[in-house]
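In: need a 3D model of the following:
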Amino acid sequence: MANELIKEKIVLDQRAYEEITQILLEGDIIVPDTKPDMAIILQSDAQVSIERTEILTDKVNVVGKLYIEVLYLARGDEKRVHNISLVSPVDEFINIEGITGDMLTLVKPDIINLDFRMINDRKIGYKAIAQLSVSAQRAQVFEIVVDIEDLPQNQQLKTQLSLNKSVAHKSDKFVIKDQIAVPPGKSNIREMLQLGIQVANQDVRVQNGRVNVYGDLLITTLYRGFDDESILEFMEHELPFNGHIEMTDCKEDMFADCTFSLSDHQVEIMADEDGEERIIEIDAALNIHCKVSAMTNIEVLEDAHIVNRHLEISRTPIRYHKLIGRNKNQSTIKEVVSLDEGSPDILQVFKVKGKVTTDEVTIISDKVIVEGVIDADILYIAGSDDMPLYSHKAIIPFRQIIDMKGAMPDMLVNLSANVEHVGFNMLSGREVETRFLVSLNASVSTAMEASLISDIVVGDMDRTELDKMPSITLYVVQKGDTLWKIAKEYNTSIGELSAINDIEEPDRIMPGQKLLIIKKSA
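Out: From the prediction side, this is the model:
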């Protein structure tokens, strides 16, 4: 055709797969020769970290580590608390039919069940069920007609397409190496019993060519001191971190969705300047994956016509998600936890930790409602000679509302939930007031479909059809008519219709209005 088609490439992330699978991780933990026999298990914890994923045909290879920490009470009259730990490699294949290497795949791990069994006083058998949430996206490129060169604009019908356009994806690893010191008034470190690391207060900011990331490592440490082996010490520290990920195509008006996960960590007890073991060196590796997107409005060609010519229009159907809104909600969930009858009295609370599980996420008009529970674990010194340290577990329900303008019940919501901070007060020997600062990050989108023009072939108009048209037509405007629509149907132009009918504003015609249409000869 004489008029060249102007095309533009649109890159859209298409959800290819979303699958949740479970894997069983089991084995034995042997008490080291340097530690005493076990009497009972006091507390246990496990975490899975993902170091890398490899996409093969119809399967995903997940490589990482399983970290297990166990506190136990030793046999003997002293009844001291000791710990044993295990780092076990994870190398699993997940079968997903149709998945290919060109897809962007994310795997989020979570331990949903953990079971320990004392085989004897030197060996523990463990079974951990890890839930792996696998999501795969494929970047699809569509070449869409946006204009026809040299064809008058009044013979082209344009429409605005509002897209959440994917700009860039990138994964990076941050190494955080720092030292924490035992505060004054606490004993030197004899034996590390438990060290927990949590990523909290994550924040991201997009700048030109980069994404800045910020956050804190919340570190809790339980150890046995030198002054009195029967006394346990507990301390908390925050290690702030920041850095950036180079992403060339990023602009300040874009937004980023990033996931933070601890992939590995090492700790070492060191001597301070006075030669006393009061320093803990932390060496942690943090995996960060960022997806940068931009809200963009693209004007595309919806239809076209040329007088006395036939247009063979090819269309490509596309599906995409239109972002409605994003919002972050932080709220404190308070609950007084009472011990059950079988639990010993509390002398001192060491720490409270919590994990958020969302049970139901629903959307009503302009709001997202989140319901779930916090799995709380209270570690305390007990008023019992037989049980000096005790762990009490509780389930705390919550319901939170996130304001989201424009949200409707049939839309899609993406939610992440984390406990950012935990506070507590011991009210009595049987009650603890807990405070969990829960952060909820939500984005709402709606599924959209469009049929966009991918090609136009221009040919001669069928002479028979042209001859069937009357020379003069008196047309009565119907509801929903536009001058463009009428001009195309009757093989004329908006300019001709406007001139013959003295129409000064072509965009304003009224139902019942009469238009004189004169046939255009070939």
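In: I'd like the mean pLDDT over the helix or strand containing Ser44, please.
Out: Ser44 is located in strand 38-56, with elements delineated by DSSP states H and E. On average, the pLDDT along strand 38-56 is 90.
In: cool, and stretch 184-194?
Out: Over the span of stretch 184-194, the pLDDT mean works out to 91.
In: circling back to that earlier point, the strand holding Ser44 pairs with which strands, parallel or anti?
Out: Strands adjacent to strand 38-56 in the sheet, as given by DSSP bridges, are strand 59-74 (antiparallel).
In: tell me the helix or strand right after the strand it pairs with.
Out: Counting by DSSP H and E, the element after strand 59-74 in chain order, helix or strand, is strand 81-95.
In: related to what we said a few turns ago, let's see the strand holding Ser44 as CSV, backbone CA atoms only.
Out: Backbone C-alpha positions of strand 38-56 (Å, rounded to 0.1, in the frame of the first residue of the first chain) are rendered in CSV as follows:
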residue,chain,number,x,y,z
MET,A,38,20.0,-35.0,75.4
ALA,A,39,17.2,-35.3,77.9
ILE,A,40,14.4,-33.4,76.0
ILE,A,41,14.1,-31.0,73.0
LEU,A,42,13.2,-27.5,74.2
GLN,A,43,12.8,-25.6,70.9
SER,A,44,13.4,-26.3,67.2
ASP,A,45,13.4,-24.1,64.1
ALA,A,46,14.1,-24.7,60.4
GLN,A,47,14.5,-22.4,57.4
VAL,A,48,15.1,-23.1,53.7
SER,A,49,17.1,-20.7,51.6
ILE,A,50,17.2,-20.8,47.8
GLU,A,51,20.7,-20.1,46.3
ARG,A,52,19.8,-20.6,42.6
THR,A,53,17.3,-22.0,40.3
GLU,A,54,17.9,-23.6,36.9
ILE,A,55,15.2,-24.0,34.3
LEU,A,56,15.3,-27.2,32.3
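In: mind listing what's buried along the helix or strand harbouring Thr332?
Out: Counting by DSSP H and E, the element that carries Thr332 is strand 309-338. Of the residues in strand 309-338, 311, 318, 320-321, 323-325, 329, 333, 335, 337 count as buried by neighbour count, 16 or more other C-beta atoms under 10 Å. All C-beta spots, glycine's among them, are computed from the backbone N, C-alpha and C.
In: let me know the closest of those residues to Leu114.
Out: Out of the buried residues of strand 309-338, the one with the shortest distance to Leu114 is Val337. That distance is 20.6 Å, counting by C-beta to C-beta.
In: show me what the closest one is bridged to.
Out: If you apply DSSP bridges, the partners that Val337 bridges to are Val432.
In: thinking again about what came up before, now, among the buried residues of strand 309-338, which is nearest to Asn297?
Out: Minimum separation from Asn297 among the buried residues of strand 309-338 (C-beta to C-beta) is found for Leu323, which lies at 12.3 Å.
In: excluding chain neighbours, what is closest to that closest one?
Out: Setting aside the residues directly before and after it, Leu323 is nearest to Asn164 in space (C-beta to C-beta, 6 or more residues apart in numbering), at 4.3 Å.
In: just Ser471 next, same as before
Out: The spatial neighbour of Ser471 that comes closest, neighbours along the chain excluded (C-beta to C-beta, 6+ apart), is Lys519 at 5.0 Å.
In: tally of neighbours for that neighbour?
Out: Residues contacting Lys519 under the criterion other C-beta atoms under 10 Å number 15.
In: what are the buried residues along stretch 359-373?
Out: Buried residues in stretch 359-373, defined by neighbour count with 16+ other C-beta under 10 Å: 361, 363, 368, 370, 372-373.
In: which two among the residues you listed are spaced furthest apart?
Out: Pairwise distances among those were taken by C-beta to C-beta; the largest, 20.4 Å, belongs to Ile363 and Val373.
In: just name whatever secondary elements the strand holding Thr332 is in contact with.
Out: Contact analysis of strand 309-338 by 3 or more C-beta pairs under 8 Å, 6 or more residues apart in numbering; DSSP states H and E lists strand 5-30, strand 123-148, strand 156-181, strand 277-304, strand 367-382, strand 389-403, strand 431-460 as its packing neighbours.
In: from Gly27, how far out is the closest residue to Pro32 other than its chain neighbours?
Out: Spatial nearest neighbour of Pro32, excluding adjacent residues (C-beta to C-beta, 6+ apart): Ile84 at 6.9 Å. Distance, Ile84 to Gly27, using C-beta to C-beta, to the nearest Å: 13 Å.
In: if you count surrounding residues, which of the two has more?
Out: Neighbour comparison, Ile84 and Gly27: the larger count goes to Ile84, with 18 against 13 (by other C-beta under 10 Å).
In: tell me the confidence at the more buried one?
Out: Here the pLDDT value assigned to Ile84 is 94.
In: I'd guessed it sits against Tyr72; true?
Out: Yes - using C-beta atoms under 8 Å, Ile84 is in contact with Tyr72, at 7.0 Å.
In: who are the neighbours in contact with Thr296?
Out: Counting by C-beta atoms under 8 Å, 6 or more residues apart in numbering, Thr296 touches 162-163, 165.
In: make that Met448, sorry
Out: Neighbouring residues of Met448 by C-beta under 8 Å, 6+ apart: 319-322.
In: try 10 Å
Out: Neighbouring residues of Met448 by C-beta atoms under 10 Å, 6 or more residues apart in numbering: 161-164, 318-322.
In: over to Arg205?
Out: Arg205 makes contact with 211-214, 244, 252, 255-256, according to C-beta under 10 Å, 6+ apart.
In: what strands flank the strand or helix carrying it, and is each parallel or antiparallel?
Out: Under DSSP H and E, the secondary-structure element containing Arg205 is strand 189-207. According to DSSP bridges, strand 189-207 has the following sheet partners: strand 210-225 (antiparallel).
In: what is the next helix or strand after the partner strand packed up against?
Out: Remark: after strand 210-225, the chain's next helix or strand is strand 232-246, criterion DSSP H and E. Applying 3 or more C-beta pairs under 10 Å, 6 or more residues apart in numbering; DSSP states H and E, we find strand 232-246 packed against strand 156-181, strand 189-207, strand 210-225, strand 255-271, strand 277-304, strand 346-364, strand 367-382.
In: ok, 8 Å please
Out: For strand 232-246, the elements it packs on are strand 156-181, strand 210-225, strand 277-304, strand 346-364, judged by 3+ C-beta pairs under 8 Å, 6+ apart.
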